[in-house]
Each structure stands twice: as structure tokens, then as C-alpha cells.
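In: Starting from these lines, generate the structure:
(one chain, ligands or ions: 1)
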Amino acid sequence: MSEDIVFIGCGRITRALVQGLVAAGRPPHTLRGVSRTGAGARVLGAEFGMRVVARAEDAISGAGVVMLAVHPHEAVSALKDIAGAVSTDQLVVSLVASCHTDAVAEALPGPAVVRAVPNVAVAVRTGVTVLSAGPGAGSDELALAEAVFSAVGQVATVPEGMLETVSALSGAGPALTAYFVKALSAAGVAQGLPIATAEVLAAQAIRSTAALLAEEGTTPDDVIDAVASPGGMTEAALFALGERGVPGAVGHALDAAVRLSFGRRITAAAHPVGGS
Ligand SMILES: NC(=O)c1ccc[n+]([C@@H]2O[C@H](COP(=O)([O-])OP(=O)(O)OC[C@H]3O[C@@H](n4cnc5c(N)ncnc54)[C@H](OP(=O)(O)O)[C@@H]3O)[C@@H](O)[C@H]2O)c1
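Out: As a prediction, this is how the structure comes out:
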């Protein structure tokens, strides 16, 4: 079996992975793409030199890793399309949101299945991907998946039961953070700042915080300690946030996202539902 990766589905997350993997030095001819209409695969072929293959069975033949990257509502038909083409010595990596590995293994009996939740920052090799071992996947299969994703960012492994929470936190996290930046900027405007000034200051606050947290070993508490002197204005602001129950509100927000993600799960036992 070769080290080739075949992508079933050539949309946004495949684009991000192909861009990151090629930037990491992977030869483009080791990446193959198939998409329903062929349009997505052709775009990635033209842009990154990925091999574009018209028929899924031809693309899958001889590849080491079969990466399933279609929408949840397309998963059942995509799995039907490739059933029979995937062999037991291949590794199936499913990126499909809310799709349990049992459902993938039921549709594709034989090969080991790993589920992966990457984010789009894999395009610029600063992504984070969370992996979970599914049926037939042991340490060797996880190591193979980790080798692919570690080329484009950080990798963590959790039990599959945690992946809906991971998807919610990782997926909604940027929007929740941007929501806070917006609220901070609006609060500055309410205190009399011009909107342009408030927006620049709030956006810069998040950039500086991200830069500090990107330093090895720096925790959010380190940043808070560095800014909040005892009896000072930051301490007063943090106290006010706690008084208004902001940590609880954030927990409530994540809970809503996790519940939605669980509600849309595709399992082997359940009839498939939902979208991403
Ligand atoms: N986008 C993200 O940041 C992200 C992050 C983590 C996980 N995911 C998950 O990754 C999956 C893909 O997301 P996406 O954003 O990349 O979706 P997308 O941009 O909508 O792309 C979906 C791709 O699947 C193709 N497709 C549909 N049915 C197919 C079939 N039967 N055989 C082959 N290809 C088929 C489509 O082909 P056509 O274009 O020809 O229709 C399209 O290229 C989703 O389950 C999503 O939840 C996405």
C-alpha cells in the first residue's frame, strides 16, 4: 500500500489540508481527489497539483489513506459509492461532522477507521486536529493518522465520546471569541469612544492575547496575572464579569452547541440525519 492519500470530497476542508500538506513538502502527486461533480477536485488539481481522478474506485485503489470529507447529509451516499472499493489494508479517516465511526465501519466493513476533527488553519500549518480511534484502529493506525495531520499543525487524541464537544469548542470557538471582541468594542463605544478606535483597540487586544498564548507554556492565567494588578482596573473588570455570570454563560453557549452536535449524530444504529 502506498503513502498516497485519497480525498473523497474536495471542498473547503480538503482544500485546506491539501494546501497545508503541499506546503509541508508532501509531493502533490501523492494526493488524489474525487468529488461528486469533479469540479472541486479539478480546482485543487489546478491549484496544488493534486491528482484528479474521475472514478472513486480508481482513486482509492492502492492509496494508503482514504479521507472522507463530505457533508454529513452526503455521507451515506458517498459511503455507498466507495463501498467495495476500500480494502482492509487501507486506513479510512473520516472528517464528517457528527458521523460516528460505527456508521462508517458498518458501511465499509474491514478497514480500520479513525475520526478526525481538523480546523481550517491546517491550510497555513497552524491547525489543530483531534483524532479518535474507531473500529479496528489501534496505535499503528492512530500513528499513521497523526503523521498526516501533525505535518499541518498540532494533534490531540480523545475518546470518540468527546468529539462532539471538541467539534463544538473548536468549531464555534473562533465565533465565540469574535463575539466577545464585538461586545468589548461596543462597550468602548458606549463609554464614548469613536467606533473605529474601539474596534481597533478590541481587535488588537485579541491579537496581543493570542500572541502571548502562542508562546510555549503561557497559560490564560499567566496573561491575566500579567495584566491585573491587585486593586487595579482590570481586577475590577474581571470581578464585574464574574458577578454577571459570564463563565456560566460561556458554559451555556458551549452546551447549546454540543447538544446540537449530538442531536445530529449519524450512528450505525440510527437513521442518518442532519447537516454540519
Ligand atoms: N470546513 C471546515 O472547516 C471543516 C472542519 C472540520 C470538519 N469538517 C467536515 O468536513 C466535511 C466536509 O466539509 P467541507 O466544508 O469541506 O464541505 P464542502 O466545502 O461542502 O465540500 C464537500 C465536498 O464533498 C463532495 N461530495 C459530495 N458528495 C460526494 C460523493 N458522493 N462523492 C465524492 N464527493 C462528494 C462535494 O463535491 P461537489 O463539489 O462536486 O458537490 C464537495 O467537493 C463535513 O462533514 C464537515 O463537517 C469541515
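
In: what does the stretch 101-250 of the chain have sitting close to the ligand?
Out: Selection of the stretch 101-250 of the chain residues close to the ligand by C-beta under 6 Å from any ligand atom yields 117-120. For the C-beta atoms, the positions are set from N, CA and C on the backbone; glycine is no exception.

In: redo that, cut-off 5 Å
Out: Residues of the stretch 101-250 of the chain lying close to the ligand (C-beta under 5 Å from any ligand atom) are residue 120.

In: what ranges do the helices span in the stretch 101-250 of the chain?
Out: 101-107, 139-150, 163-190, 195-213, 220-227, 233-243, 246-263 (DSSP state H, counting those that start in this stretch).

In: Take the ones you listed and write them to JSON lines, including mean pLDDT and mean neighbour count.
Out: Output for these, formatted as JSON lines (pLDDT from 0 to 100; neighbours: other C-beta atoms under 10 Å):
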{"stretch": "helix 101-107", "mean pLDDT": "95", "mean neighbour count": "21"}
{"stretch": "helix 139-150", "mean pLDDT": "98", "mean neighbour count": "17"}
{"stretch": "helix 163-190", "mean pLDDT": "93", "mean neighbour count": "16"}
{"stretch": "helix 195-213", "mean pLDDT": "96", "mean neighbour count": "14"}
{"stretch": "helix 220-227", "mean pLDDT": "96", "mean neighbour count": "12"}
{"stretch": "helix 233-243", "mean pLDDT": "97", "mean neighbour count": "11"}
{"stretch": "helix 246-263", "mean pLDDT": "92", "mean neighbour count": "13"}
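
In: Among those helices, which comes closest to residue 127?
Out: Closest to residue 127 of those, according to C-beta to C-beta: helix 139-150, at 7.6 Å.

In: Give me the packing partners of the closest one, helices and strands only.
Out: Where contact means 3 or more C-beta pairs under 8 Å, 6 or more residues apart in numbering; DSSP states H and E, helix 139-150 is packed against strand 65-68, strand 91-94, strand 112-117, strand 127-133, strand 153-157.

In: Just send the ones you listed back as TSV, with mean pLDDT too.
Out: TSV is the format used below for the helices and strands packed on helix 139-150 (pLDDT from 0 to 100):
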stretch	mean pLDDT
strand 65-68	98
strand 91-94	98
strand 112-117	97
strand 127-133	96
strand 153-157	96
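
In: which of the ones you listed sits most buried?
Out: Burial of these is given as mean neighbour count (mean count of other C-beta atoms under 10 Å); strand 91-94 ranks first at a mean of 27.

In: so how far is that strand from its chain's centroid?
Out: 15 Å (C-alpha atoms, centre = their mean, to the nearest Å).

In: Are it and the ligand in contact anywhere?
Out: No. Using C-beta under 5 Å from any ligand atom, strand 91-94 never reaches the ligand; the gap is at least 8.4 Å.

In: Identify all contacting residues around that strand.
Out: 64-68, 86, 101, 104, 108, 111-116, 134, 137, 141, 144-145, 148 (C-beta atoms under 8 Å, 6 or more residues apart in numbering).

In: Could I get the contacting residues of the residue of the stretch 1-150 of the chain found nearest the ligand?
Out: Scanning the stretch 1-150 of the chain for the residue nearest the ligand gives residue 11, at 1.8 Å (criterion: C-beta to the nearest ligand atom). Residues near residue 11 by C-beta under 8 Å, 6+ apart: 35, 40, 69-71.
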